[in-house]
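J.: Task: produce atomic coordinates for the following.
(4 chains)
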Number of protein chains: 2
Amino acid sequence: MTTVLDVAKRAGVSSATVSRVLNGRETVNSQARERVLAAALELGFQPNRMAQGLRSGRGRSVALLVGDIEQNLYSALTKHVQAALGQIGLDVLLYNLNHSPDRLRSFLALAPSLGLRGICLATTDRIPTELDETLMELRRGGLTILSLAQRLDERGIPSIVHEEFAASLLGVRRLLETGRSPVLYVGRINSSALGAERYRGYRAALAEADQPLRRELVHDAVFSYSAGYDAIQRSLEAGTVFRGVQAGSDVIALGAMAALHDRGVRVPEDVAVIGFGNADWTAHVRPAITTLSVHHEATATAVRSAFEMAAAGAEVPMLVTIARSLIVRQSA
Amino acid sequence: MTTVLDVAKRAGVSSATVSRVLNGRETVNSQARERVLAAALELGFQPNRMAQGLRSGRGRSVALLVGDIEQNLYSALTKHVQAALGQIGLDVLLYNLNHSPDRLRSFLALAPSLGLRGICLATTDRIPTELDETLMELRRGGLTILSLAQRLDERGIPSIVHEEFAASLLGVRRLLETGRSPVLYVGRINSSALGAERYRGYRAALAEADQPLRRELVHDAVFSYSAGYDAIQRSLEAGTVFRGVQAGSDVIALGAMAALHDRGVRVPEDVAVIGFGNADWTAHVRPAITTLSVHHEATATAVRSAFEMAAAGAEVPMLVTIARSLIVRQSA
DNA sequence: CTGAAAGCGCTTACAG
DNA sequence: CTGAAAGCGCTTACAG
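T.: All right, here's what the predicted structure looks like:
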């Protein structure tokens, strides 16, 4: 491997000067700068990341912790975050939490030894408050920590999130306005701060329309196909009457649609269904799913800019909110 | 951060001895070993990865290069590989190729400076042969390189792959045996070695059944929803008669089913469809998709064992093949 | 079996 | 504006 010394020798300067040029320090004679740049190019010099990190105390990797990479929400987010950070020379260390607080805990315990530039926490699961101290410790150590799938700004972690309340309000409103009342709500409520926000939108839409909140219309269900399937099956068996379903996620919506299909209930003729998150397959199943949009590029851009600001010593904003819109397809 | 010197001081030995104990070198007095272990535990010592990597020349990160993390094939694989490598203390640096050979090229150019333990190449896209030299160079540098989504063993890269030929043979056989002839084939053929294998299975099944290979029944299509949709739409418009579809991927199968649905063709009554890869949603759409299995845990276990062997100085096997089976659901 | 010392490849005060 | 030197935290020949 070619080192900073090889470049220095070729450019006729010291390794210190090579380092200064390559790190954009202003205080270098422009002729020397040219020679260094030329030498680095000719030798195809790539500074050793481990040495850089060890010496400077800040690596070039960002850990991305996701709830479950197999869910489209997280894989699509990962794709855009990796691309955006790649643009500024940062790598993504992927860590799949698998929705386990223990895995989060053990990652955070390991984190200080990893030489990370920062951590992006992308999960909708509740983060135990006992970890706040660890997270703050890491921040004090110079790491940039960002929350990408739930608001943690009130706990001191800068957050980049989508609108949840306003979004499900939009969805449920449409169901109500198109005469799909009563409307079922199926999604996480208690185990997820974000889920609770979505549920709040449902209640607000009902209130707007002067409709009562009925217990039997609300299902606190995890974000999985089978949770959606089961909730609908139970409602049908119980004889609950409903003409619309606002799902807390696309996966729940798909499970719900399968359950309706299996009972001979037509979508959207008999029951209209709205998903949440615009997963890639929602446009391709039949009926195509009406859903709330998601903007991973916007999240990724905000992430990149947060790291740029941190590198420049600026303050990272505590909250960035991205709006959603309703994407009308066939199911509602 | 607590360092190896802190541990050494507490245990009353030198840092060299601490290092020996923590790296499992045999030549340490058992009492000293105990004291070191106890001290490390008490101090919560985590060796600095960058320092380890810089000094020993081998980091603890494995780059995982995937075709497109948003596709279920890759995200599911990523999940299991991350978990398996995590078990032996290796981290996953994720790099999304986005199906671009240029991104592969630029990653490989950067790779030597990253201090990687190895590289897992997980893409079905053809790897330009001009990169073989670069890959070999990396291997000579001590990196373990593995191909996880296509056979590269004949080009000197140990490969861990699923059966492709035997699998599509299984699928097409079923279509033929259940009277679904003529059978359409829709999938990658020329742009992907793996796609070509799947197509070969289609031809073999036809040959077994003494059926002719008909040009108009074969669609060389990329692995996307819309490619599946378009292929079926074109066939229908051209008036091609077919009663079965073997798709080269689940996504193609879903697109195909949407096109059939939109034309009022019933699945499986009028046309049976078989997918490829058992993506998570295939069981939950309606009709549920009959498909060929995939075993990411098996791949991940083989990856882990390859890295274990490499660490022990053993030879990594050049080819590991994982069998697939047909998962019969509703679509065929 | 163990310690003192060198060194992996950088960056950064410190002088000048 | 620039170079010599120190040092980030480890591991590993080298002696003993």
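J.: Which residues of the stretch 1-150 of chain A lie near DNA strand D?
T.: Within the stretch 1-150 of chain A, the residues that sit near DNA strand D (C-beta under 7 Å from any atom of the strand) are A:12-17, A:20, A:26-29, A:31-33, A:51, A:54-55. No exception for glycine: its C-beta is placed from N, CA and C like everyone else's.
J.: Report the buried members of those residues.
T.: By neighbour count, with 16 or more other C-beta atoms under 10 Å in any protein chain shown, these hold A:13, A:17, A:20, A:28, A:32-33, A:51, A:54 as buried.
J.: contacting residues around A:V316?
T.: A:144, A:146, A:158, A:306, A:309-310 (C-beta atoms under 8 Å, 6 or more residues apart in numbering or on different chains).
J.: Could you list the low-pLDDT ranges of the stretch 1-150 of chain A?
T.: Low-confidence segments of the stretch 1-150 of chain A (pLDDT under 70): A:26.
J.: picking that back up, I'd like the list of the buried ones among the residues of the stretch 1-150 of chain A next to DNA strand D that fall within strands, please.
T.: Secondary structure from DSSP state E places none of those in strands.
J.: In the stretch 151-300 of chain A, what residue lies closest to DNA strand C?
T.: As assessed by C-beta to the nearest atom of the strand, DNA strand C sits closest to A:P158 within the stretch 151-300 of chain A, at 23.6 Å.
J.: quick one: that residue and A:A306 touch, right?
T.: Yes: the criterion here is C-beta atoms under 8 Å, and A:P158 meets it with A:A306 at 6.6 Å.
J.: Identify the contacts common to these two.
T.: A:146, A:316-317.
J.: Which ones among those residues map onto strands?
T.: Going by DSSP E, the strands hold A:L146 from those.
J.: Format the shared contacts of A:P158 and A:A306 as a markdown table; extra columns: distance to B:F223.
T.: Shown next, in a markdown table, are the shared contacts of A:P158 and A:A306 (distance: C-beta to C-beta, whole Å):
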| residue | distance to B:F223 |
| --- | --- |
| A:L146 | 33 |
| A:V316 | 39 |
| A:P317 | 39 |
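J.: Chain B next: which of the buried ones among the residues of the stretch 1-150 of chain A next to DNA strand D are close?
T.: A:51, A:54 (C-beta under 8 Å from any C-beta of the partner chain).
J.: Just give me the neighbour total for A:Q330.
T.: Neighbourhood size, A:Q330 [other C-beta atoms under 10 Å in any protein chain shown]: 15.
J.: what's the closest non-adjacent residue to it?
T.: A:P287 (3.7 Å; C-beta to C-beta, 6 or more residues apart in numbering or on different chains).
J.: SS state for A:V320?
T.: State at A:V320, reduced to three classes by DSSP: H, G, I helix; E, B strand; the rest coil: strand.
J.: Tell me how many other residues surround the residue of the stretch 151-300 of chain A closest to DNA strand C.
T.: That count, for A:P158 with other C-beta under 10 Å as the rule, works out to 21.
J.: Same question for the one 3 residues further on.
T.: The number of residues packed near A:V161 is 21, by other C-beta under 10 Å.
J.: now A:L319
T.: A:L319 - counted by other C-beta under 10 Å - has 13 other residues nearby.
J.: got the contact list for the residue of the stretch 151-300 of chain A closest to DNA strand C?
T.: A:145-147, A:306, A:316-319.
J.: Would you write out the ChimeraX command that picks the buried residues out of the residues you listed?
T.: Command for ChimeraX, covering only those of the contacts of A:P158 found buried under the criterion 16+ other C-beta under 10 Å:
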select /A:145,146,147,306,316
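J.: Which one of the contacts of A:P158 is nearest to B:G115?
T.: Of all these, B:G115 sits closest to A:I145, with 23.9 Å by C-beta to C-beta.
J.: The buried ones among the residues of the stretch 1-150 of chain A next to DNA strand D also near DNA strand C: which ones?
T.: A:20, A:51, A:54.
J.: Next up, the contacts around the second one.
T.: Read that as A:A51. B:50, B:54.
J.: Check the first one too.
T.: With contact set as C-beta under 8 Å, 6+ apart, A:R20 has these partners: A:27-28.
J.: how many neighbours does A:R215 have?
T.: Quick note: A:R215 (other C-beta under 10 Å) scores 6 neighbours.
J.: what pLDDT does it get?
T.: If you check A:R215, the pLDDT there is 95.
J.: where along the stretch 51-200 of chain A do the helices fall?
T.: A:72-87, A:101-110, A:132-140, A:165-177, A:193-208 (DSSP state H, counting those that start in this stretch).
J.: residues making contact with the fourth one?
T.: Contacts with helix A:165-177, where a contact means C-beta under 8 Å, 6+ apart, come from A:181, A:183, A:185, A:197-202, A:204-206, A:208-209, A:211, A:244, A:246, A:248, A:272, A:274, A:276, A:290, A:292, A:323-326, A:328, A:332.
J.: before we move on, the earlier item: of the contacts of A:V316, closest to A:V265?
T.: A:L146 (42.4 Å).
J.: My read is that that closest one contacts A:G156, right?
T.: No: using C-beta under 8 Å, A:L146 makes no contact with A:G156, being 11.9 Å away.
J.: sorry, back to before: list buried residues within the contacts of helix A:165-177.
T.: A:181, A:183, A:185, A:197-199, A:201-202, A:204-206, A:211, A:244, A:246, A:248, A:272, A:274, A:276, A:290, A:292, A:324, A:332.
J.: List the residues that contact A:A279.
T.: Here A:A279 is in contact with A:72-73, A:76, A:250-251, A:291 (C-beta under 8 Å, 6+ apart).
J.: brain fart, A:I119
T.: A:62-63, A:65, A:111, A:138, A:143-146.
J.: In TSV, list the residues you listed along with distance to A:T282.
T.: Shown next, in TSV, are the contacts of A:I119 (distance: C-beta to C-beta, whole Å):
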residue	distance to A:T282
A:V62	29
A:A63	29
A:L65	25
A:A111	35
A:L138	36
A:L143	36
A:T144	33
A:I145	31
A:L146	27
